[in-house]
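Trainee: Okay, here's the prediction I keep looking at, along with the sequence it came from:
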Amino acid sequence: MKIGTLNLTSLTKKEKKDLQILALFTSVYCRDHHVGERKSLSRLPQQLVVLERYVCCPDCLDFLEYAIERRLQCPVEEDPNCKHCQIHCYRSGHREKVREIMRYSGKTLIKRGRLDLLWHYFF
Ligand SMILES: [Zn+2]
């Protein structure tokens, strides 16, 4: 767990929102694809306890944790947009997974009429 060691004093509202979307999408995807016990991220720093409401299987938790770290360490300060980013910080494998998760959960949420959750769908 490295999230707890990241410096979050400068966490912006937008970053927090991005992380919530990430956690929401990962948990939607996981619920429909994986079986077994699901847990939320634990030992989160105060600024991120809001993410504890989203649960995933251990594999997806690993992925989510990685994705959160990447997002928080993103060097593109102004309006980062992973789709058009030249840096491609996700290691291969994870990049495919993040795409799959975003595509699947995006569609699922649209079908359920939860477009309000997608206003910031940027992957
Ligand atoms: Zn899963």
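Mentor: All right, it came through fine. Numbers count the residues shown, from 1 in each chain.
Trainee: How many residues are close by residue 60?
Mentor: 24 (other C-beta atoms under 10 Å). For the C-beta atoms, the positions are set from N, CA and C on the backbone; glycine is no exception.
Trainee: Leaving out the residues flanking it, which one is nearest to it?
Mentor: The shortest distance from residue 60 to any non-neighbouring residue, by C-beta to C-beta, 6 or more residues apart in numbering, is to residue 30 (4.2 Å).
Trainee: Around the one you found, how many other residues sit close by?
Mentor: There are 23 residues near residue 30, going by other C-beta under 10 Å.
Trainee: got it, and the one 10 residues further on?
Mentor: The local packing count at residue 40 equals 16, with neighbours defined by other C-beta under 10 Å.
Trainee: what sits against it?
Mentor: With contact taken as C-beta atoms under 8 Å, 6 or more residues apart in numbering, residue 40 is in contact with 51, 52, 53, 54, 55, 56.
Trainee: are any of those buried, and which?
Mentor: Buried residues within these, counting neighbours by 16 or more other C-beta atoms under 10 Å: 51, 54, 55, 56.
Trainee: In a helix, residue 63, correct?
Mentor: Yes - Residue 63 forms part of a helix when assessed by DSSP: H, G, I helix; E, B strand; the rest coil.
Trainee: Leaving out sequence neighbours, find the closest residue to it.
Mentor: residue 97 (6.0 Å).
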